[in-house]
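Engineer: Mind looking at a prediction? Sequence and model below.
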Amino acid sequence: MADLFDTPHATPDKPAGPRPLADRLRPRALGDVIGQEQVLGPDAPLGIMLASGSLSSLVLWGPPGVGKTTIARLLADQTSLAFVQISAIFTGVPDLKKVFEGARLRRANGQGTLLFVDEIHRFNKAQQDSFLPHMEDGTIILVGATTENPSFELNAALLSRAQVLVLNRLTLADLERLAQRAEQELGRRMPLDGPARDALLDMADGDGRALLNLIEQVMAWRVTQALTTDDLTRRLMKRAVRYDKSGDEHYNLISALHKSVRGSDPDAALYWYNRMLLGGEDPRYLARRILRMAVEDIGLADPQAQTICLHAWETYERLGSPEGELALSQALVYLALAPKSNAGYVAYKAAKDAARQSGSAAPPKHILNAPTRLMREQGYGEGYAYDHDAEDAFSGQNYFPDGMKRGVYYLPVDRGFERDLKKRVDFFAGLRAKRQARTGDD
């Protein structure tokens, strides 16, 4: 496909002015949008909609600077719809009523309205519900833009009436083509050597708008020779890593961290750990999650893992940053390389389900205490076998409610310390079978 931003030319009725570079290079046709072939291609959702002449309401989900607003505007142009843009940050209920009324008047005059709602996830449930009747009767084609996961942020009723399209962050190749288009517009190349040019593209972090803003800064410098990477980093602050501690990116990264540990990959675990720290994540949150990993994924295959995680957390509390973060990173490495078992976790959930299903079934009377005469008369404690007095200190009695089939929940794996526990489980299971057979013979 062509480059992200086409180059508009000055005309007598629209002379070129001192506009920002991002505005000057804004695409004028959908074919000029770069990096979103998965939604704009001939066989992709928007390509098919436009070819059939039937545009439905949409939610564009993607990171900043990938063309959500531009795509919405160009969709309106290509379908001859009136383009109305609002932001959920600055729009209240009275404003929405005016927008809907204007759309009704246009419809009465034979023109439809494409209503573009930026940051649509910031509208509350009632505000989101207000769009529904106007979408259903065709008054508006809604195109919402969001950087947050629509599954969590948008009402099910609204999602059922709109198709969600995922836009991707721009690749380095996409950004390079965008940089070339900017240089063509400005009539000269950036004063950067090869590595510095690559560093500039990295700074944009997949955001086309951010790249154009960086290019404008670089082009404004008065230099006599190509700048190196060191020159560039001294002159420019690296763009902050995109990370929302309460949003979708937060959950994506913690999922990546957890699964890297579960997958025994210490290098990947350290990478995602540092991505979260650089994004401003609270190390205490990470300490809690690291301890959770020890409980869920290491379990009794290495009982020492929990202790190491607790000590790392305590070390962070005593030392603070950055030394305390090193202790947490070492705990991560230990977990990633430790033997893995979720047998205890699975057993806990299975026993919990059995407890829920059995309701209020009472324990068998032979394991109940009998501190009063009445309780003894009721049979409490009668027939209880004191395990310390039994052979192998194991009586093999039943400890489940009478009439309930014995459950088997804990199935240790043949890894780490659980290998020893498995031997013990098998040993007691064998003794229990012998005791029950002996009782049956009697």
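Structural biologist: On my side now, so go ahead. Residues are numbered from 1 along each chain as shown.
Engineer: mind listing the strands for the protein?
Structural biologist: 58-61, 82-87, 113-118, 140-146, 163-166 (DSSP state E).
Engineer: JSON lines for these, including mean neighbour count and mean pLDDT?
Structural biologist: No exception for glycine: its C-beta is placed from N, CA and C like everyone else's. Listed next are the strands of the chain as JSON lines, based on neighbours: other Cβ atoms under 10 Å; pLDDT from 0 to 100:
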{"stretch": "strand 58-61", "mean neighbour count": "25", "mean pLDDT": "94"}
{"stretch": "strand 82-87", "mean neighbour count": "16", "mean pLDDT": "94"}
{"stretch": "strand 113-118", "mean neighbour count": "24", "mean pLDDT": "95"}
{"stretch": "strand 140-146", "mean neighbour count": "25", "mean pLDDT": "94"}
{"stretch": "strand 163-166", "mean neighbour count": "16", "mean pLDDT": "92"}
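Engineer: Look at stretch 22-41 and report the distance between its end residues.
Structural biologist: This stretch, stretch 22-41, spans 24 Å end to end (Cα to Cα, to the nearest Å).
Engineer: okay, now residue 91: neighbour count?
Structural biologist: Residues within reach of residue 91, counting by other Cβ atoms under 10 Å, total 18.
Engineer: go on, residue 383?
Structural biologist: 10.
Engineer: Residue 392 too?
Structural biologist: 12.
Engineer: Tell me which residues touch the nearest residue to it once chain neighbours are set aside, please.
Structural biologist: Nearest residue to residue 392, sequence neighbours excluded (Cβ to Cβ, 6 or more residues apart in numbering): residue 431, at 6.1 Å. Counting by Cβ atoms under 8 Å, 6 or more residues apart in numbering, residue 431 touches 392, 394, 396.
Engineer: got JSON lines for those, with pLDDT and distance to residue 213 too?
Structural biologist: Listed next are these as JSON lines, based on pLDDT from 0 to 100; distance: Cβ to Cβ, whole Å:
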{"residue": "392", "pLDDT": "87", "distance to residue 213": "76"}
{"residue": "394", "pLDDT": "89", "distance to residue 213": "74"}
{"residue": "396", "pLDDT": "88", "distance to residue 213": "75"}
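Engineer: Poorly predicted segments of the protein, please.
Structural biologist: For the chain, the stretches flagged by pLDDT under 70 are 1-18, 237-248, 439-442.
Engineer: now the spatially most central residue of it: how far from residue 204?
Structural biologist: In the chain, the residue lying closest to the centroid (Cα atoms, centre = their mean) is residue 252, at 2.6 Å. Relative to residue 204, residue 252 is positioned 20 Å away (criterion: Cβ to Cβ, to the nearest Å).
Engineer: can you check residue 57 too?
Structural biologist: Applying Cβ to Cβ to residue 57 and residue 204 gives a distance of 31 Å.
Engineer: burial of the closest residue in space to residue 231 that isn't next to it in sequence, as a residue count?
Structural biologist: Leaving aside its chain neighbours, residue 231 sits nearest to residue 196 (6.9 Å; criterion: Cβ to Cβ, 6+ apart). Number of residues near residue 196 (other Cβ under 10 Å) recorded here: 19.
Engineer: Go through the strands of the chain and name the closest to residue 37.
Structural biologist: strand 163-166 (12.1 Å; Cβ to Cβ).
Engineer: Give me the packing partners of that closest one, helices and strands only.
Structural biologist: Using 3 or more Cβ pairs under 8 Å, 6 or more residues apart in numbering; DSSP states H and E, the elements in contact with strand 163-166 are helix 37-40, helix 45-52, strand 58-61.
Engineer: can you list the ones you listed in TSV and add distance to residue 104?
Structural biologist: Shown next, in TSV, are these (distance: least, Cβ to Cβ, whole Å):
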stretch	distance to residue 104
helix 37-40	30
helix 45-52	24
strand 58-61	21
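Engineer: among the ones you listed, which is nearest residue 23?
Structural biologist: Nearest of the helices and strands packed on strand 163-166 (Cβ to Cβ): strand 58-61, 19.8 Å.
Engineer: what about residue 434, distance to residue 392?
Structural biologist: Taken as Cβ to Cβ, the span from residue 434 to residue 392 is 10 Å.
Engineer: List the residues that contact residue 225.
Structural biologist: residue 191.
Engineer: Endpoints of stretch 152-161, how far apart?
Structural biologist: 16 Å.
Engineer: Could I get the contacts of residue 431 in TSV, plus columns for distance to residue 234?
Structural biologist: What follows is the contacts of residue 431, written out as TSV (distance: Cβ to Cβ, whole Å):
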residue	distance to residue 234
392	74
394	73
396	76
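Engineer: Closest one of those residues to residue 327?
Structural biologist: Closest approach to residue 327 among the contacts of residue 431 (Cβ to Cβ): residue 394, at 42.2 Å.
Engineer: isn't that closest one right up against residue 424?
Structural biologist: No. Residue 394 is beyond contact range of residue 424, at 10.9 Å (criterion: Cβ atoms under 8 Å).
Engineer: more neighbours, those two?
Structural biologist: Neighbours were counted for residue 394 and for residue 424 using other Cβ under 10 Å; residue 394 has more, 16 against 10.
Engineer: if I pick the closest residue to residue 344 other than its chain neighbours, what's in contact with it?
Structural biologist: Nearest in space to residue 344, with sequence neighbours left out and distances taken as Cβ to Cβ, 6+ apart, is residue 299 at 4.2 Å. The contact partners of residue 299, taken as Cβ under 8 Å, 6+ apart, are 340-345, 418.
Engineer: Residue 358 contacts residue 401, correct?
Structural biologist: Yes. Taking contacts as Cβ under 8 Å, residue 358 lies within contact range of residue 401: 6.4 Å.
Engineer: Tell me how far the residue nearest to residue 207 when sequence neighbours are not counted lies from residue 337.
Structural biologist: Using Cβ to Cβ, 6+ apart and skipping residues adjacent in sequence, the residue nearest residue 207 is residue 65, 3.2 Å away. Separation of residue 65 from residue 337 (Cβ to Cβ): 39 Å.
Engineer: same question, residue 196
Structural biologist: 39 Å.
Engineer: re earlier: got a quick ChimeraX command for the buried subset of the contacts of residue 299?
Structural biologist: Only the buried entries of those go into this ChimeraX selection, using 16 or more other Cβ atoms under 10 Å:
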select :340,341,342,343,344,418
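Engineer: ok, now which ones touch the residue nearest to residue 116 when sequence neighbours are not counted?
Structural biologist: In space, and not counting its chain neighbours, residue 116 is closest to residue 72: 4.2 Å by Cβ to Cβ, 6+ apart. Neighbouring residues of residue 72 by Cβ under 8 Å, 6+ apart: 60, 83, 85, 114, 116, 143, 145.
Engineer: Equivalent analysis for residue 262, please.
Structural biologist: 293, 297, 340.
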